[in-house]
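Asker: Following is a predicted model, sequence given first.
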Amino acid sequence: MQLDYWITAGETPARIVESYTNVTGRVPMMPEYGLGFWQCKLRYYNQEQVVQIAREYKKREIPLDVLVIDYYHWPRCGDWRFDEEYFLNPEVMVNEVQDMGIRLMVSIWPQVDWRSENFEEMKQQGLLVKSNSGIDVQMLFHGNNVFLDATNPRTRDYVWDKCRKNYWDYGISAFWLDEAEPEFGTYDHGDYRFHAGPALQVGNIYPREYARLFYEGQKAAGQETIVNLIRCAWAGSQRYGALVWSGDIMSNYADFRKQICAGIHMGSCGIPWWTTDIGGFHGGNIHDEGFKELLVRWFQFGTFCPVMRLHGCRQPGETIINQAGEVREWTGAENEIWSYGEENYEIMAKFIRIRELMRDYIRGLMEEAHETGSPVMRAMFYEFPEDENCWNIQDAYMFGPDILVAPVCREKARERSVYLPAGAFFLHAGTGQRYEGGRWYEVEAAIDTLPVFLREGRQGYLVGRI
């Protein structure tokens, strides 16, 4: 009955999302480097590692759009610059990597350590989140930290000025805005006060204003296309170039399955830029055969996400101690596509090349998201609202209007059931076999592939490639 009402009233899911984003705002146009493959791990902790990874991808002729430098590349939280002990000449590093056609992204945290070179000035100028009672320590992590107040326009100007001088002027124009909730040590929001008001009243706008800080700074500096990775969002975050990812999830099949729903829901909420840590974040041991298979299956799914980004806190890790004898944030095991054996390397390299084949198609999806608010990753009912079966499918989705993706997200599975929506014919992207919509099918899925179906007459260049 509800479905009949939506259809007869003309309020399709597409029209609802378009109307909503007309009010809350739409994403800018995705930069070209947002369309390909992104390499990341916890964490490349020195300049030599960053350059070596870029060189290896270039040597292997594997397309790489973005290479990410994760957190604690700085001396103290709130310094917003490279630690000179580990990054001797950042400008040289940036130039070499970007001369290879690879964009660098750096992590930013909103914490300000009491020992930071900027703490006293920011405190005196009222640029920090305030605690209403007790000791003003809002997070304990490698020291006593408080948070920058992103709701304060003066804070936004101050922090961007630091990041412009220490990153943007070197040529770094993409930022990973982590800890965007912000991650208070205790979620007693009655204890915190922002420039915009008490946290209990306005706390949800923090991630939006955090994204705004960088977006407006980058625009003012002359940057035309902007995408920044962020851990959470609020209504309107999308208009500030926010690419949301699903957080520090576990490396298991249960969390893998949840990513499909998470991506679909994010797009349905008017935020079309979404990504996931391919392979999950916590608990992935690079020597475990079960994890390797999970990673490959997740990698295949990641190929058909709005942004394709490999990341994780891989085991076993390594302790880092600086020259002063201080224990720094640790680094995880290798997490490049050649880190998991030759067979898995070939599968992942294949899917990176599939992503490259879809570059024109993905660019078109990003243009549509920019112009109408349409999600890139779409619920089946978004494209087929009249098919009631599509309203109950949680483990498959449309990647744009033409590509139906059914990830293999069960351990050791080599086949899965796939529903093809009524009202269309589909071609299997691996075999080219033609299928009639409106029916369920049992589809084979060897480890080097996954079920992908193309609307007949569209995206035929993918046939035989997947």
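Answerer: Cool, the structure landed. Numbering: from 1, shown residues only.
Asker: show me the contacts for Gly432.
Answerer: In this structure, Gly432 makes contact with Val463, Gly464, judged by Cβ atoms under 8 Å, 6 or more residues apart in numbering. Every C-beta, even on glycine, is put in place using the N, C-alpha and C of the backbone.
Asker: try 10 Å
Answerer: Contacts for Gly432 (Cβ atoms under 10 Å, 6 or more residues apart in numbering) come out as Leu454, Gly460, Leu462, Val463, Gly464.
Asker: Contacts only, for the residue lying closest to the third one once chain neighbours are set aside.
Answerer: Nearest-residue entry for Leu462: Ala429, 4.8 Å, with adjacent residues in sequence omitted and distances by Cβ to Cβ, 6 or more residues apart in numbering. The contact partners of Ala429, taken as Cβ under 10 Å, 6+ apart, are 354, 403-405, 449-454, 459-466.
Asker: how does it look with 6 Å?
Answerer: Val452, Leu454, Leu462, Val463, Ile466 (Cβ atoms under 6 Å, 6 or more residues apart in numbering).
Asker: residue boundaries of the helices in the stretch 1-150 of the chain?
Answerer: 2-9, 13-24, 47-60, 90-99, 119-124 (DSSP state H, counting those that start in this stretch).
Asker: Check the offset of the longest one from the chain's centre.
Answerer: Using Cα atoms, centre = their mean, to the nearest Å, we find the averaged C-alpha position of helix 47-60 to lie 22 Å away from the chain's own average C-alpha position.
Asker: would you put the C-alpha positions of it in PDB?
Answerer: Extracted in PDB, the C-alpha atoms of helix 47-60 (Å, rounded to 0.1, in the frame of the first residue of the first chain):
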ATOM      1  CA  GLN A  47      59.000   9.800   4.000                       C
ATOM      2  CA  GLU A  48      61.000   6.900   2.700                       C
ATOM      3  CA  GLN A  49      58.000   4.500   3.000                       C
ATOM      4  CA  VAL A  50      55.700   6.900   1.200                       C
ATOM      5  CA  VAL A  51      58.000   7.300  -1.800                       C
ATOM      6  CA  GLN A  52      58.900   3.600  -2.000                       C
ATOM      7  CA  ILE A  53      55.200   2.600  -2.100                       C
ATOM      8  CA  ALA A  54      54.500   5.100  -4.900                       C
ATOM      9  CA  ARG A  55      57.600   3.900  -6.900                       C
ATOM     10  CA  GLU A  56      56.500   0.300  -6.500                       C
ATOM     11  CA  TYR A  57      53.000   0.900  -7.900                       C
ATOM     12  CA  LYS A  58      54.600   2.900 -10.800                       C
ATOM     13  CA  LYS A  59      57.100   0.100 -11.500                       C
ATOM     14  CA  ARG A  60      54.300  -2.500 -11.600                       C
END
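Asker: Show me what it packs onto, helices and strands only.
Answerer: Packing partners of helix 47-60 (3 or more Cβ pairs under 6 Å, 6 or more residues apart in numbering; DSSP states H and E): helix 90-99.
Asker: Go ahead and name everything in contact with the helix it packs on.
Answerer: With contacts defined as Cβ under 6 Å, 6+ apart, helix 90-99 is touched by Gln47, Val50, Val51, Ala54, Phe82, Leu104, Tyr170, Gly171.
Asker: try 10 Å
Answerer: Counting by Cβ under 10 Å, 6+ apart, residues outside helix 90-99 touching it are 46-48, 50-51, 53-55, 58, 64, 67, 69, 73, 81-84, 87, 89, 102-104, 106, 166-167, 169-173.
Asker: Would you mind getting the angle between that helix and helix 47-60?
Answerer: Orientation note: helix 90-99 sits at an angle of 10 degrees relative to helix 47-60 (axes from the mean of the first three to the mean of the last three Cα atoms, to 10 degrees).
Asker: Centre of the chain to helix 90-99, how far?
Answerer: With Cα atoms, centre = their mean, you get 23 Å for helix 90-99.
Asker: Put the alpha carbons of that helix into PDB.
Answerer: Output of helix 90-99 as PDB, limited to C-alpha atoms (Å, rounded to 0.1, in the frame of the first residue of the first chain):
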ATOM      1  CA  PRO A  90      58.100  17.000   2.800                       C
ATOM      2  CA  GLU A  91      58.200  19.200  -0.300                       C
ATOM      3  CA  VAL A  92      60.600  16.900  -2.100                       C
ATOM      4  CA  MET A  93      58.400  13.900  -1.100                       C
ATOM      5  CA  VAL A  94      55.200  15.500  -2.400                       C
ATOM      6  CA  ASN A  95      56.900  16.600  -5.700                       C
ATOM      7  CA  GLU A  96      58.300  13.100  -6.400                       C
ATOM      8  CA  VAL A  97      55.100  11.300  -5.700                       C
ATOM      9  CA  GLN A  98      52.800  13.700  -7.500                       C
ATOM     10  CA  ASP A  99      55.200  13.700 -10.500                       C
END
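Asker: Just the buried positions in it, please.
Answerer: Pro90, Met93, Val94, Glu96, Val97, Gln98 (16 or more other Cβ atoms under 10 Å).
Asker: what does stretch 160-179 give?
Answerer: 160, 162-164, 166-168, 170, 172-179.
Asker: Pro13: which of those residues is nearest?
Answerer: Leu177 (29.1 Å; Cβ to Cβ).
Asker: which residue sits closest to the closest one, ignoring its sequence neighbours?
Answerer: Ile230 (4.4 Å).
Asker: Narrow the contacts of helix 90-99 to those that are buried.
Answerer: Here, 16+ other Cβ under 10 Å leaves 46-47, 50-51, 53-54, 58, 64, 67, 69, 73, 81-83, 87, 102-104, 106, 166-167, 170, 172-173 buried among the contacts of helix 90-99.
Asker: Show only the entries of those found in strands.
Answerer: Using DSSP state E, Leu67, Ile69, Arg103, Leu104, Val106 are the members of the buried ones among the contacts of helix 90-99 that sit in strands.
Asker: Quick one: residues contacting the first one.
Answerer: Contacts for Leu67 (Cβ under 10 Å, 6+ apart) come out as 38-40, 44, 50-51, 53-54, 57, 97-98, 100, 102-105.
Asker: my guess is Glu367 contacts Met30, does it?
Answerer: Yes: with contact defined as Cβ atoms under 10 Å, Glu367 counts as touching Met30 (8.5 Å).
Asker: So those two - more neighbours on which side?
Answerer: A count of neighbours by other Cβ atoms under 10 Å puts Met30 above the other of Glu367 and Met30, at 25 against 13.
Asker: Distance-wise, check the more buried one relative to Ala211.
Answerer: Noted for Met30: a distance of 15 Å to Ala211, by Cβ to Cβ, to the nearest Å.
Asker: Likewise for Ala254?
Answerer: Distance from Ala254 to Ala211, by Cβ to Cβ: 30 Å.
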